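1. give the three-dimensional model of this entry:
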Amino acid sequence: MGKGRLEAFSDGVIAVIITIMVLELRAPHGTSLAALASLGPAFLTYSLSFVFVGIYWNNHHHLLHATQHIDGRVLWANLHLLFWLSLVPFTTGWVGQNPAAAIPTASYGVVLLMAGVAWLLLQAALLRRNGPDSVLAHAVGRDLKGKLSAFFYVSAIGLAFVSAWIADALYVLVALIWFVPDRRIERAVESLREAGPPGS
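-> Below is the predicted model:
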């Protein structure tokens, strides 16, 4: 199977997710700076979610560029990832309206955690299709960042019932961990380019 349609479909869905999120930002009812400041929590939550979705888009791009083959299992794993990402606008809006509430903050973490799990499943499906000796397999390695992120998400979900701000700090920490595109995949893509097409 070619991966072109998978990339195009994923790019389209992620673009729609970002569009929905920004549409949830309502203009303030007043015209003063105080009215604008009231949107602060909603804007900060939107900004964090934008970064998360951008990270997934960026690393999804790198992941597929290091991939040579896909199959039906990969397609379903990719849809599973997009399902959880499509829930980000909902939890973003909920947290933006209730920034100090435990359940919205924990729900935000659950969606991010499940998106992370879906990412690992997509990665596993791609590794299974491309084999242990593939460029992708060498790029992914043990994926300590993915496992560390899952730990922080689980911790944040529990801590949301103690302090929503502590949970938010952990979400920001995970975003910072992933902010720079994965260097392992970048190196793998570069080596793939240098090697040229098969048989060259």
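2. quick check: Val51 touching Leu176?
-> No. Shown here, Val51 and Leu176 do not form a contact pair, counting by CB atoms under 8 Å, at 9.1 Å. (Each C-beta comes from the backbone N, C-alpha and C, glycine too.)
3. so what pLDDT did Arg193 get?
-> In this model, Arg193 is scored at 61, pLDDT.
4. only the buried residues of stretch 102-120, if you could.
-> 102, 104-120 (16 or more other CB atoms under 10 Å).
5. CA atoms of it as PDB?
-> What follows is stretch 102-120, C-alpha atoms only, in PDB (Å, rounded to 0.1, in the frame of the first residue of the first chain):
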ATOM      1  CA  ALA A 102     -10.700  18.400  38.700                       C
ATOM      2  CA  ILE A 103     -12.800  16.400  36.300                       C
ATOM      3  CA  PRO A 104     -12.300  18.600  33.200                       C
ATOM      4  CA  THR A 105      -8.500  18.700  33.900                       C
ATOM      5  CA  ALA A 106      -8.400  14.900  34.400                       C
ATOM      6  CA  SER A 107     -10.400  14.300  31.300                       C
ATOM      7  CA  TYR A 108      -8.000  16.500  29.300                       C
ATOM      8  CA  GLY A 109      -5.200  14.200  30.600                       C
ATOM      9  CA  VAL A 110      -7.100  11.000  29.700                       C
ATOM     10  CA  VAL A 111      -7.500  12.200  26.100                       C
ATOM     11  CA  LEU A 112      -3.800  13.100  25.900                       C
ATOM     12  CA  LEU A 113      -2.900   9.700  27.500                       C
ATOM     13  CA  MET A 114      -5.000   7.800  25.100                       C
ATOM     14  CA  ALA A 115      -3.600   9.700  22.200                       C
ATOM     15  CA  GLY A 116      -0.100   8.800  23.400                       C
ATOM     16  CA  VAL A 117      -1.200   5.100  23.700                       C
ATOM     17  CA  ALA A 118      -2.600   5.300  20.200                       C
ATOM     18  CA  TRP A 119       0.700   6.800  19.000                       C
ATOM     19  CA  LEU A 120       2.600   3.800  20.500                       C
END
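6. what helix or strand does the most centrally placed residue in the chain sit in?
-> The chain has Tyr56 as the residue nearest its centroid, 3.5 Å off, counting by CA atoms, centre = their mean. Here Tyr56, judged by DSSP states H and E, is contained in helix 40-65.
7. starting at the chain centroid, how far to that helix?
-> On the basis of CA atoms, centre = their mean, to the nearest Å, helix 40-65 sits 6 Å off its chain's mean C-alpha point.
8. any idea of the mean pLDDT in it?
-> 91.
9. cool, and stretch 119-138?
-> On average, stretch 119-138 scores 84.
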